Each structure stands twice: as structure tokens, then as C-alpha cells.
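S.K.: sequence? don't have it. structure:
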């Protein structure tokens, strides 16, 4: 009986190992969205840079864009930012920012420090648009086509690989259709 | 040509590791001295070839060999030489090579410093270390070759090292941390060797102790450096973020601390053996878990290297084999014979047991907070992360409880402590601590229950430690003689505990009494931060080696007197197109004044972050004092005169022999 209790650590370790193994198999950042194929939810929110200006879903009409959900408090956003700068400057991608549950001055500090890749930034301090989009946490990135239809949702950081293997094909398809 | 040599050296080292993991062990199991004799030469050879490989990679960085993919991705011809050097471990492949170099270094150290140990034991320990080496050599050779070439299109220049990492903190932080992680492999190897030959005795604990203590000291410094670096380099003035990777380094630290204490009990009293050996296995496994979490991309974090499923699977397999094999061995070989209780329900043994319970509880807590999101995801219950509130609410009470226990435990005796005697002993230190804590509350001008609890724990540890030192150093031949008579390992303990008290004090005070203000300022403006007046004088441009910067000038006044002039900067690095905030800090033993420049709001108005951070340096100073304690303890003369103890060690199968040894508190 005493000997059996010594197996306890082994059993525990195996249980933890199971979860870790499952974590590798799937991409931790993959999540489907109920919104795919549907238009961006209606919203009416301030422009981060110009508080007097109100933005709505017509922002997405006319051109394929990436909608990037970010915040100053989100460490992974710091990680991702360099790649967003690269996408905006080198690849000419139109990136709309959704500043999620953040404070204006924090957001400015973040952009001041790391640069600003966004064509426009929607200021969403209470997370209302984020809620409608089903955002779990920052960063998340949506591909939205020229009609304002959500085509893809990516959870987690965008980097060169994600761009080339996932986002670019989706964007090409979105551009081909419209 | 050279890079290929580096790779070849790695492969040779791998082969030597394979031999090391087999030959001496076979010699030990069959009792052939001729085979055991291979242990030391093989360890030396493995280290030499690993060092050669590391030197080749370093050379490639120094001469800007951008035909090597890893160099091109992490360095740049414009970097000063010392950043080229530290860029060697700035990415996944190179940092893995550094890790392996240290593993080979620890193996060599065991081979060199264990001449007095029985040959069978040394052979087994070195073979176990050889097995760990084989795993990591295979990992680097198969999945992460740092010498891979980009041919034929060699880039003209490299991609530059992340500016966040161009810093003295980065030069030192990973090597210290790895020394700690990897160092626990020695305690692990001793534990496995003891399980194999069934000799889990006081001698085993005695040999394991110094190795565990050194590894723990390096890990302590490594964690503190990381925290310090985040504080001044990330530009937001925080010192601990409960980030998964930080937690990954805290896990082996917590269980390693428990291991140090339970090894002490096992050595001195011959009890808790199964528990101690389990802790040694767990501590090393947690080090491996940390490596897995950082390099597999399972969790997202500022620190993590690019995710790669192949590497993740490989590391998990490595972790799995290590953990399963050692725990199976543990389950079959750990002693179950229940020693008749040789200690009372109130004794030093019990205090150290409670210390272990608290530390293990803290380890579990941090592990749960770190892994919980993974588990939820697996169960398809959504993704979420557990932030600071969870850790602060659960970790702080444990830390305070451990502190209170520590103070009382210092006075306890082995075997049996009289309750009434202990209560009388504690009365005065308790009274002094309450008064001192109240005084601290008055200085900072406000009372909060958690602030009181934290400061009290710190003061209590300090007072109890000092009291005990005073008691022990009383001598008929004068106080100085009494102080000199105490052993280095006793002073090591004193230093370790005082360091812990400093860390608790620093963490409590800066969290409760720190002030943080984000304000809009125009040159000429003045703002109060606590008692300090900060005046924004001017802002201008400045050119650096590989960046341009906006350069601010601030004056800091206290009670109308000029204290310092600070120059925070915002740097723009053109090569990587990145912007960095360089905060400027007026540091002091009792407080820091911290200024960082944020966004330009209008033409002349800027967002400025001002912070007043009382006792923040105590966090890192305290960690340093703790680590010094570790180094003091292993410099104790009982580790230097192993030759004499050899005879005793040979008969140490009978624990009572060693237990009879003179305990440290014989001075009272």
C-alpha cells in the first residue's frame, strides 16, 4: 500500500503531460468565429487620434483591410507590433486598429514607443465592439473584405509566417471575389 | 568552413555524451573499475568539443559571417562588439547552445570536484548527466542547428538584434538563469544515482547540498536580473508581470528552495528521504518544463521564441522521458520503511516540513496559474489568461505565512522543542517587530492590512535572525570571538534569510506606497509626485550610434532642494524600424524617481510617465544578498575538507553516525 502511494507523482505528471501534448498538437491561436461570412457588427465609436470624429462600419467599405485588436496592457501586442509595422510599411497592407479596453494616453505611449502602423484606430475603451466581435483577448486580427464582410479571424500574434501561410491567401481570395 | 567545424564538434560531443551515458554506468553496475575510469575523460572531452562549437558560433558573430542564417537573423554589422557577443544567445538556437555548454560545464565540474567520492557514485552521477546531455545534443543537432547556412544568396547585412535586447541586462540575464536551471541537473543526477544503487542516505544528501545551493544561487541572480532589466528597459516601471516565462523561472526556484531545506533535514537527521529525492526530481523537471514553455510556443509571452511544433514535440518527448523514467524509478526504489518518529511534533524538523508544504503549495499555485489556460483550452472551455489579481491574491498570503514561520523556526531545535520555552523565546522579538512595523507604517503615512502583514513578515525575519545571531555569538571570550566561531554555512543561512526579508519588504512597500502618474506636460511645467517636484525643462534631439532620439531634460526637487537632473529618451532605430523608450531613473537605496517619455500629444505637449518607487531596489539587492548567502554556505570548511570525511562517508549507511555530527546551533 505504501509503495502504491509512491506512484502518485507519476500519475500526476502523466496527467499534466497529456495537456501539454494536446497544447502542441493544435495551434493555440486558432479559434473559429461565428461572424465569418457576416458583416462587421454595427458600431459607433470615437477615433483614437481625433476624439471628435465618430467612426462606424462604413470604415471597412471599398478596400480589403486587416482589423487588429490591440492594447497597451497586452504583452503579446508588443511582440506583434514590429511585424505589423513591416506589413504596413513594406507590404502596404491597410490595417485598422481596434484599441481594446485601453486608455487613450496608454495607447499613445505604446504607439509613441513602437511606431504606428494603423491607417485608422477605433477607440473602444469599454470593449463594446470587441464584445460584438467575440474577442477573447488581445491580440486578434480579422480579415475584412471590401464589402465589410468578415472573412477570417486569427487569435494571437501575427508574424511573417502567419502572414504568408494564413492571412495572405485569405486576402487574395477576398480580393479575387470582389 | 568554420561553421561546419562547429557543427562537427557538436556531433562529436553528442557521440561522447552517448558513451558517457553508457560506459561508466555499465562499469558501476558490473563493478568494473576499468569502465568507471572512462567517466572523467569522457566528461572532459564532451565539454571541450561543446566549448569549441560555442567558440565557432561566437567567432561567426564577431566577423559578421552572414552566410550563417542564425547570425544573419540576430546580428548586424553596425552592432558594437559586446552586443554581437551577447547576440550569440539572443535567439533560440544560440541560447540552446549556451544551455548545452553549461550542462557540459556542470558535468565537468562534477567530474573535477568529486575526486573524494566513491568511484561507483561518480560514475553513476556522470552517466545520468551524460543521458541528459544526449537529449539536448539531439535536440540541437536535429531541430535547431545554429550553423545552418544561407547559400548561395548571402545577405549583405544582418537583421539587427532586437533593441530591447541591446542591453547589459541581456548579456547577463540568460547565462545566470541557465546556470541555475541546468545546475539543478546535478542534484537530479545525484538523486537518480542514489535511487539506482538504493543508497538514499545522509551522505547522498551531503553531496547534493552544495550543488543544489550553487544552482539555486545562480537562479536567484538570474531571476533578479530579469526583473531589474524589465524595470528599467521595458520603460513602464514594473518589476514582475506574472508572465508565463517569468513563472517558468519561479517554479524551479520555489521547489529548489524547498529542496535546499529538505536536504538539510535529510543530511542532519536522516529523515524525509523519499520526499527530498522527489523534490530533486521535481525541481529539475520544472527547469525542463520552463525550457519547454519558452521554446514550444504553447503559451504566448513577450519572452517566447518563435513557435515551432517540431521543437515543441521534441522537448515534450525529452521532458516526458526524463519525468516518467525518473518517477518510475522513484516509485519502485524510494524507501518506504517508516523510520520510527525521531522528532517531536514541535521541532525544527516540523518547522522545515511546514516550510516545504508552503513552498510546494506556492509552486503548485504558480503552476496552476500558468498552465490553467492550456487545460481550459484542451477541455474546449475557451481561452483565457489568469492575470496579476489571481497571483497577487493567492501568492502574497503564502509568502507572508512562510515569513512568519521562518522567524519562529529559527529558534526551534532539532528533535524536540519545548512549546513554553519557544513561546517565551519569541515574546521579545515579537514585541520588537510589532513596534518596528508600526514605525514603518508611520513613516509611509498610511495603514493597510496587507502592507502591515508584509512589512511585519520582513521585520520579523530580520529581528529573529539578528536575535539568534546574538544568542549564538555570546561567548566568554568576547562577542567578536563568538561571531568568528560561527560557521560559514550558518552565515550563509543568515544572509539568505535577511535577503528574503529585504525582498518581502521591497515588494510590499513598492506595491503599497508607490506612486504612478501619467500626465501631459509642456516644457516649463511642474508636477508633484509624492513629495517630489518634477520640472520639465526642455526636449531636444540627439544622435546615437544606431539610433536617433528625442532627449528630455527634467529637474527633480525635494522640499525645494535640487535632487537630480534626469534625461529620459525616446529612441528610433532605423534598421529594425522600431522605437524604444529609455526611461531615466534617479535611483536610491530608499526610493527611485522614474521618468519616461510617452507620445507627443501636440506640438510641444508630451505624455510623461512619472513614478515614485520606494524600496524598489531592495527587491534586487535582497536577491543578491540571498544568492551571496548560497555562495557563503558552500564555501563552508566542511566542504573543503572532504578528504577527512571520506572514512565517515563510507560508513554513512548507518544514519545515526552522521546525525551524531555537530549541529550548527551547538553554540547556544
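M.R.: Done, it's in. Since the model is a prediction, treat every value here as computed from it, not as a measurement. Numbers count the residues shown, from 1 in each chain, chains lettered A, B, ... in the order given.
S.K.: From chain A, how far off is the most centrally placed residue in chain B?
M.R.: Nearest to the geometric centre of chain B sits residue B:219, at 2.2 Å (CA atoms, centre = their mean). Residue B:219 sits 22 Å away from chain A, going by CB to the nearest CB, to the nearest Å. For every residue, glycine as well, the C-beta is placed using N, CA and C.
S.K.: what does residue B:544 give?
M.R.: 16 Å.
S.K.: That residue: what's it in contact with?
M.R.: residue B:571 (CB atoms under 8 Å, 6 or more residues apart in numbering or on different chains).
S.K.: just checking, what packs against the biggest helix by length in chain A?
M.R.: Assignment by DSSP state H gives helix A:8-25 as the longest helix of chain A. If contacts are counted by 3 or more CB pairs under 8 Å, 6 or more residues apart in numbering or on different chains; DSSP states H and E, helix A:8-25 sits against helix B:273-296, helix B:309-333, helix B:348-378.
S.K.: can you pull the buried residues of that helix?
M.R.: For helix A:8-25, a neighbour-count test (16 or more other CB atoms under 10 Å in any protein chain shown) marks A:9, A:10, A:13, A:16, A:17, A:19, A:20, A:21, A:23, A:24 as buried.
S.K.: Tell me what angle that helix forms with helix B:309-333.
M.R.: 170 degrees (axes from the mean of the first three to the mean of the last three CA atoms, to 10 degrees).
S.K.: Now do the helices in chain A.
M.R.: Using DSSP H, helices in chain A cover A:2-5, A:8-25, A:75-90, A:104-114, A:128-133, A:160-162, A:168-177.
S.K.: in the last one, what's buried?
M.R.: Applying a neighbour-count criterion of 16+ other CB under 10 Å, one finds A:170, A:171, A:174 buried in helix A:168-177.
S.K.: is it true that residue B:270 touches residue B:200?
M.R.: No. Using CB atoms under 8 Å, residue B:270 is not in contact with residue B:200, being 9.7 Å away.
S.K.: For chain A, what's the nearest residue on the stretch 1-150 of chain B?
M.R.: As assessed by CB to the nearest CB, chain A sits closest to residue B:73 within the stretch 1-150 of chain B, at 11.3 Å.
S.K.: from what I can see residue A:118 touches residue A:98, true?
M.R.: No. Applying CB under 8 Å as the test, residue A:118 and residue A:98 come out as separate, 9.4 Å apart.
S.K.: Quick check: chain neighbours aside, which residue is closest to residue B:258?
M.R.: residue B:359 (3.9 Å; CB to CB, 6 or more residues apart in numbering or on different chains).
S.K.: Ok, residue B:639 next?
M.R.: Here the residue nearest residue B:639, using CB to CB, 6+ apart, is residue B:210, at 5.4 Å.
S.K.: got a list of what the one you found touches?
M.R.: B:633, B:634, B:639.
S.K.: Most neighbours among those, which one?
M.R.: residue B:633 (27 neighbours; other CB atoms under 10 Å in any protein chain shown).
S.K.: check contacts around that residue.
M.R.: Applying CB under 8 Å, 6+ apart, the residues contacting residue B:633 are B:210, B:213, B:488, B:489, B:492, B:493, B:496.
S.K.: change it to 6 Å
M.R.: Listed by CB atoms under 6 Å, 6 or more residues apart in numbering or on different chains, the contact set of residue B:633 reads B:213, B:489, B:492.
S.K.: So for it, what's the pLDDT?
M.R.: Residue B:633 is assigned a predicted lDDT (pLDDT) of 94.
S.K.: Then residue B:439?
M.R.: 94.
S.K.: and if you look at residue B:86?
M.R.: 88.
S.K.: Residue B:415 now?
M.R.: 85.
S.K.: ok, the nearest residue to residue B:254 once chain neighbours are set aside - how many residues close by?
M.R.: Closest residue in space to residue B:254, ignoring its immediate chain neighbours: residue B:363 at 4.4 Å, by CB to CB, 6+ apart. Counted with other CB under 10 Å, the neighbours of residue B:363 add up to 23.
S.K.: mind listing what residue B:363 touches?
M.R.: The contact partners of residue B:363, by CB under 6 Å, 6+ apart, come to B:251, B:254, B:255.
S.K.: Is the first one within a helix or a strand, and which one?
M.R.: According to DSSP states H and E, residue B:251 maps onto helix B:244-269.
S.K.: From residue B:109, how far off is the residue nearest to residue B:131 when sequence neighbours are not counted?
M.R.: Of all residues not flanking residue B:131 in the chain, residue B:21 sits nearest, at 4.2 Å (CB to CB, 6+ apart). Distance from residue B:21 to residue B:109, counting by CB to CB, to the nearest Å: 18 Å.
S.K.: hmm, back to that, so if I had to pick from residue A:118 and residue A:98, which one is more boxed in?
M.R.: When residue A:118 and residue A:98 are compared for neighbours, residue A:98 comes out ahead with 28 against 21, by other CB under 10 Å.
S.K.: quick one, what contacts that one?
M.R.: A:67, A:69, A:122, A:124 are the contacts of residue A:98 under CB under 6 Å, 6+ apart.
S.K.: Tell me the pLDDT of the third one.
M.R.: Note for residue A:122: predicted pLDDT of 94.
S.K.: Likewise for the one 10 residues further on?
M.R.: Residue A:132 is assigned a predicted lDDT (pLDDT) of 78.
S.K.: My read is that it contacts residue A:41, right?
M.R.: Yes. At 3.7 Å, residue A:132 counts as touching residue A:41 under the criterion of CB atoms under 6 Å.
S.K.: what touches both of these two?
M.R.: With the criterion set as CB under 6 Å, 6+ apart, the contacts of residue A:132 and residue A:41 do not overlap.
S.K.: Would you mind measuring from the residue nearest to residue B:131 to residue B:553?
M.R.: Residue B:21 is 61 Å from residue B:553, by CB to CB.
S.K.: To what extent is residue 74 buried, counted in neighbours?
M.R.: Here I'm looking at chain A. 21.
S.K.: could you do chain B instead?
M.R.: 26.
S.K.: What of residue B:230?
M.R.: Neighbours around residue B:230, by other CB under 10 Å: 22.
S.K.: sorry, back to before: residue B:21 and residue B:109: which is more packed in?
M.R.: Set residue B:21 next to residue B:109 and count neighbours by other CB under 10 Å: residue B:21 wins out with 21 against 16.
S.K.: nearest spatial neighbour of the most centrally placed residue in chain A, skipping sequence neighbours?
M.R.: The centre of chain A sits closest to residue A:140, judged by CA atoms, centre = their mean, with a distance of 1.3 Å. Nearest residue to residue A:140, sequence neighbours excluded (CB to CB, 6+ apart): residue A:69, at 4.4 Å.
S.K.: so the one you found makes contact with residue A:142?
M.R.: No. Here residue A:69 does not reach residue A:142: they are 7.9 Å apart, not a contact under CB under 6 Å.
S.K.: So which of these two has more stuff around it?
M.R.: A side-by-side neighbour count of residue A:69 and residue A:142, using other CB under 10 Å, places residue A:69 first with 27 against 23.
S.K.: So what sits opposite the more buried one in the bridge?
M.R.: residue A:98, residue A:140 (DSSP bridges).
S.K.: So residue B:589: helix, strand or coil?
M.R.: When classified by DSSP: H, G, I helix; E, B strand; the rest coil, residue B:589 comes out as coil.
S.K.: The residue nearest to it when sequence neighbours are not counted and chain A: what is the separation?
M.R.: Spatial nearest neighbour of residue B:589, chain neighbours left out: residue B:617 (6.3 Å); criterion: CB to CB, 6+ apart. According to CB to the nearest CB, residue B:617 stands 24 Å off from chain A.
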